[in-house]
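Below: sequence and its predicted model.
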Amino acid sequence: MPAPSPASVLDLAPVVPVVVLRDTADAVPLGRALVAGGLPAIEVTLRTPAALDVVRAIADGVPDAVVGAGTVIRPEQVTAAVDAGAGFLVSPGWTDVLLEAMRASGVPFLPGVSTTSEVVALLERGVREMKFFPAQAAGGTAYLKSLSGPLPQARFCPSGGIGPDTAPEYLALPNVGCVGGSWMVPADAVLARDWARIERLARAAAALSAGGTCR
Ligand code: 3PG
């Protein structure tokens, strides 16, 4: 049975691995490695033909994981992802049509923003939690820090270009709930099915926020 849906994506775990998988057979061993390393919230991006089956496999086969779907950019993907067992939804951007589909899904969701006006537009629509993407390219921690003055009610999961060196700076910001990234799931490790390496990287990522200085 998949884990119940969380109330908020931002409070699930400080670091959310962003996963791109091509082979469904890798889903359960990868999910287990991430959970064993201390990263229970897993974003499976809908960027490969296998992605929905990967969501389903993790939801069914890794009970301690909370699996979500990322790169959700069309309303029909919302239903497909939730039917597959996604417990949360993440998008790199948003439109009103996509937002309504996500809202109707019944699971928590993070629409993506990269500008102040997009944040204001989401607040106007009653959405206070968002993905900040692509975080490093769109202004990084300096940008998010600047937003916390005029828009303290908005909370973010920055993602895109973040690594173990920069994640702690994001996690230290008052308007950041978690960070997303793919650094603990390197493509060569997945190809080699080196789940032990991924578990080690996950453990190091989980420890980034446990040092007391980050959150
Ligand atoms: C995402 O969809 O959040 C990003 O692709 C993850 O970004 P990264 O691969 O630069 O960590």
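Structure received. Numbering: from 1, shown residues only.

Within range of the ligand, give me the residues from the chain.
Within the chain, the positions adjacent to the ligand are 18, 45, 70-71, 133, 159-162, 180-183 by Cβ under 6 Å from any ligand atom. (Glycine included, C-beta is placed from N, CA and C.)

Just give me the neighbour total for the closest residue to residue 137 other than its chain neighbours.
Excluding its sequence neighbours, the residue lying closest to residue 137 (Cβ to Cβ, 6 or more residues apart in numbering) is residue 161, at 6.0 Å. For residue 161, the neighbour count with other Cβ atoms under 10 Å is 16.

Just the endpoints, please. Distance across stretch 128-147?
By Cα to Cα, to the nearest Å, the extent of stretch 128-147 from end to end equals 13 Å.

What are the buried residues along it?
Within stretch 128-147, the residues that count as buried by 16 or more other Cβ atoms under 10 Å are 129-136, 138-141, 143-145, 147.

Can you name the two of those residues that sit furthest apart?
129 and 136 (20.2 Å; Cβ to Cβ).

Please name the bridge partners of residue 159.
In this entry, residue 159 is beta-bridged to residue 180, by DSSP bridges.

where are the low-confidence patches of the chain?
Applying pLDDT under 70 to the chain flags residues 1-6, 210-215.

Identify, by residue count, the longest helix of it.
Counting residues, the longest helix in the chain under DSSP state H turns out to be helix 195-208.

Go through that helix and flag the buried ones.
Judged by neighbour count using 16+ other Cβ under 10 Å, the buried positions of helix 195-208 are 195, 197-199, 201-203, 205-206, 208.
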